[in-house]
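# below: sequence and its predicted model.
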Amino acid sequence: MSQICILTAAPDYFEDLGPARSTYQRLLGEDIVFRHWTDPGDLTGFDLVLPLLVWGYQRDCPRWFALLDQLAQQQINLVNPVSVLRWNSDKSYLLELEKAGVAIVPTLISAALKASDLAEAAQKFGTDQLVVKPPISGGADGTYRLRNGELLPEDIAGKEMLIQPFQPAIAQEGEYSLFYFGGTFSHAILKRPAHGDFRVQEFLGGSESGTDCPEGAQDLAVQARQAAEQILGTETLLYTRADMLRDAEGQFRLMELELIEPSLFFGHAADGGNLFATGVNAALPR
């Protein structure tokens, strides 16, 4: 019987892994193995390793990239592959997608964030409401909504940061996430932040609901995935989540292309996630 390992968050991670583990056991079998990504042990005996629950990797980047180096050196059968995980770890990949013609939320990078960077961004974007976030981040860690001239929070001042214009649609309509398995569309959800917030994570009060895809959303998601595959020289990715929202003109713009450890919200998939499970089985050695 094929052995599948799913890499998970460290034991002290604040979110409960129980529901996600149960879902993957339902889809892939009770005999799948879970290992903490921070200390996974010997993975060479597994037929397939999936980094689906490596939540918190952004909090220990040296260890994360050392693990990716190890997995590459040992030629572990990992999907999505190491080259994809490495590229997708740093959100500056958005600028590569933009060069490939993908409509992204406009983004600037500051090598060492200072107040003048916010002023420059505000002028360029035509707004004084900005969102700043670390290039390697997750779960809204280190993410702030700031106004031009506002005092920089101590934990991000002087650090490399992405700067983007705040998108009012996040509160007015919400953020769409589209899910693809093996290049085939599975389902979509609409995430909304709590009142007065702009972050959609559930543990911050956000909520989600299943939704049909508005016109143009799938076009952007497919374009972003295919552009990433072309940039990286990979085959069709096993799993992809494209997060997007509308700009002031109503055009969809990509916020993130999640290829490492995205929550996949199988509860909103019509097939409960069977398309994903089929893709995993197809990735197993024959």
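Received, thanks. Residues are numbered from 1 along each chain as shown.
# mind giving me the packing neighbours of the helix-or-strand element of the chain with minimal mean pLDDT?
Using mean pLDDT, DSSP states H and E, the weakest-scoring helix or strand in the chain turns out to be strand 207-210, at a mean of 77. Judged by 3 or more CB pairs under 8 Å, 6 or more residues apart in numbering; DSSP states H and E, strand 207-210 is in contact with strand 184-192. Where C-beta positions appear, they are placed from N, C-alpha and C, glycine not excepted.
# mean confidence score for the strand it packs on?
The average pLDDT for strand 184-192 rounds to 94.
# what's that strand in contact with?
The contact list for strand 184-192, computed with CB atoms under 8 Å, 6 or more residues apart in numbering, reads 171, 173-180, 200, 206-213, 217-218, 221, 265, 268-271, 273, 275-276.
# cool, stretch 70-84 as well?
By CB under 8 Å, 6+ apart, stretch 70-84 touches 43-44, 46-51, 68, 85, 88, 228, 232-234, 237-239, 259-260, 280, 283, 285.
# show me which parts of the least confident helix or strand of the chain are buried, residue by residue.
residue 208 (16 or more other CB atoms under 10 Å).
# heads up, I number from 21, so please use that
Taking 21 as the first residue, the last one we looked at is strand 227-230.
# can you name every helix or strand that the helix or strand following it contacts?
Next in sequence after strand 227-230, counting helices and strands by DSSP states H and E, comes helix 237-252. Using 3+ CB pairs under 8 Å, 6+ apart, the elements in contact with helix 237-252 are helix 102-109, helix 113-119, strand 195-201, strand 204-212, strand 259-266, strand 272-278.
# circling back to that earlier point, what's the PyMOL syntax to select whichever of the contacts of stretch 90-104 are buried?
To isolate the buried members of these in PyMOL, using 16+ other CB under 10 Å:
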select buried, resi 63+66+68+69+70+71+88+105+108+248+252+254+257+258+259+279+280+300+303
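# circling back to that earlier point, could I get the helices and strands packed on helix 237-252 as CSV with distance to residue 49?
Shown next, in CSV, are the helices and strands packed on helix 237-252 (distance: least, CB to CB, whole Å):
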stretch, distance to residue 49
helix 102-109, 24
helix 113-119, 33
strand 195-201, 17
strand 204-212, 20
strand 259-266, 18
strand 272-278, 25
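# wait, which of those is closest to residue 24?
Checking these against residue 24 by CB to CB gives strand 259-266 as the closest, at 14.1 Å.
# list phi and psi for residue 101.
For residue 101, the backbone dihedrals (degrees, to the nearest 10) come out as phi -70, psi 160.
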